[in-house]
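Peer 1: Predicted model follows, preceded by the sequence.
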Amino acid sequence: MNPISEVTEVPVGSTVVLKCGSNDYNHNFLFWILNNNTIIGPGNDFNEKKFKYEVLSGKLHIHNVAPTEAGYYQCISKHVDGSSLSVGEVEMIVQSPSFSGGDAIKVAAIIISLLVLIICAVVYYRLKKEWNQYNHPVEADEEDEEKPDGEEIYNRTTTTISQP
């Protein structure tokens, strides 16, 4: 067996197609081995929603790539006369995004929290200012009071009931 190596870098969550480097005119695709423990190919149990392979070309499609799926993928092909096997190896490196969806949620939560704090502070300040107005009434200036030289007009109150 002669290993043929290739390196593929993919972002998290994407769909990747790994080419079978051992499949050619003299070799027919048999199966893929993932990280030396999972076999993807005819007659094997695997997650068919996650992994799909092409029988003729040997290409392996991996949907929604996760960081745990990084590693070495080996494509095994058999010589047409059955005399030998050929191995094509692909190292898949899964790149983590610098800013993920989880980070966006955290940033949004922080911004919303700050806005709520600012709104609460403004409401508190205005309510305190209004409340202080009732606790400390403002005294009228002397200019606003009646002048002593002016005449007061008032109705005399009576305590008797007048009958018609």
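Peer 2: On my side now, so go ahead.
Peer 1: max-length strand in the protein?
Peer 2: strand 85-95 (DSSP state E).
Peer 1: Just the buried positions in that strand, please.
Peer 2: Along strand 85-95, the positions that meet the burial threshold by neighbour count (16 or more other C-beta atoms under 10 Å) are 86, 87, 88, 89, 90, 92, 94. From N, CA and C alone the C-beta is placed, and that goes for glycine too.
Peer 1: Columns distance to residue 116 and pLDDT on top of those residues, output as CSV?
Peer 2: Listed next are the buried residues of strand 85-95 as CSV, based on distance: C-beta to C-beta, whole Å; pLDDT from 0 to 100:
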residue, distance to residue 116, pLDDT
86, 63, 89
87, 59, 91
88, 56, 90
89, 54, 92
90, 50, 91
92, 44, 92
94, 37, 92
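Peer 1: I'd like to know how far the residue nearest in space to the middle of the chain sits from residue 26.
Peer 2: By C-alpha atoms, centre = their mean, the chain has its centre lying nearest to residue 101, at 1.7 Å. The gap separating residue 101 from residue 26 is 46 Å, by C-beta to C-beta, to the nearest Å.
Peer 1: for residue 66, same thing?
Peer 2: In this structure, residue 66 lies at 35 Å from residue 26, with C-beta to C-beta as the measure.
Peer 1: Give me the nearest residue to residue 11, chain neighbours excluded.
Peer 2: The shortest distance from residue 11 to any residue that is not its chain neighbour, by C-beta to C-beta, 6 or more residues apart in numbering, is 5.1 Å, and that residue is residue 95.
Peer 1: is it true that residue 46 touches residue 33?
Peer 2: No: at 11.2 Å, residue 46 does not count as touching residue 33 under the criterion of C-beta atoms under 8 Å.
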